[in-house]
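# Quick one, structure for this:
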Amino acid sequence: MKATFLYRVANASSYAQSFRPIAPGRYAITYADCQYGISQFSNGVKVEAGGDHNFLFSYVSPLGGASTITIGAGQIVDAGYIRLLGRRSNPIVVASGASAAERDVMKEVLPEVYTSITFTQFTP
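Model (predicted):
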């Protein structure tokens, strides 16, 4: 693959920066801060679940839809992508896994790690 001005090509460094170590367990999306469409008149859109606005209360709940994931001990996980649908007051998470093309790029740029990656996605 050849990079151009408009088409960046991933490399091992860019993928390595995408993986972060976390403890094994079940995780849920409870907050999203979307930066899409920011202009001088807008600061983006912030979405919180469970009415815990700006962490004023002591409880949280996951956003609706596919907003949870389980990570096992020692796993290297590619969790795919999420999209938020619905209204700001009632967001729904829609998840999708990494595409075949993305997996091919990972296989090419991270050959020593690729076989250890668990490809999954968020679930309800």
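# Could you check the longest helix belonging to the chain and say which residues are buried?
Longest helix in the chain by number of residues, with DSSP state H as the criterion: helix 100-109. Neighbour-count burial for helix 100-109 flags 102, 105-106, 109 (criterion: 16 or more other Cβ atoms under 10 Å). The way it works is simple: take the backbone N, C-alpha and C, and place the C-beta from them, glycine included.
# quick one: low-confidence ranges for this structure?
Scanning the chain for pLDDT under 70 picks out 1-17, 34-60.
# Let me see the ranges of the helices in it.
Using DSSP H, helices in the chain cover 12-16, 100-109, 111-114.
# what about stretch 73-81, how long is it end to end?
End-to-end distance of stretch 73-81: 22 Å, with Cα to Cα, to the nearest Å as the criterion.
# And it, what's buried?
77-80.
# same check, this time on stretch 86-104
91, 93, 95, 98, 102.
# Contacts only, for Ala28.
Ala28 sits next to 60-63, 67-69 when contact means Cβ atoms under 8 Å, 6 or more residues apart in numbering.
# Can you tell me which of those is nearest Asp33?
Of all the contacts of Ala28, Asp33 sits closest to Leu63, with 12.4 Å by Cβ to Cβ.
# Please list all residues in contact with that closest one.
Leu63 neighbours (Cβ under 8 Å, 6+ apart): 28-30, 32, 47, 49, 84, 91-93.
# give me phi/psi at Ala79?
For Ala79, the backbone dihedrals (degrees, to the nearest 10) come out as phi -90, psi 0.
# Quick check: closest non-adjacent residue to Pro124.
Ala66 (5.5 Å; Cβ to Cβ, 6 or more residues apart in numbering).
# Verify the contact between Ser61 and Ser67 for me.
No: the criterion here is Cβ atoms under 8 Å, and Ser61 misses it with Ser67 at 9.4 Å.
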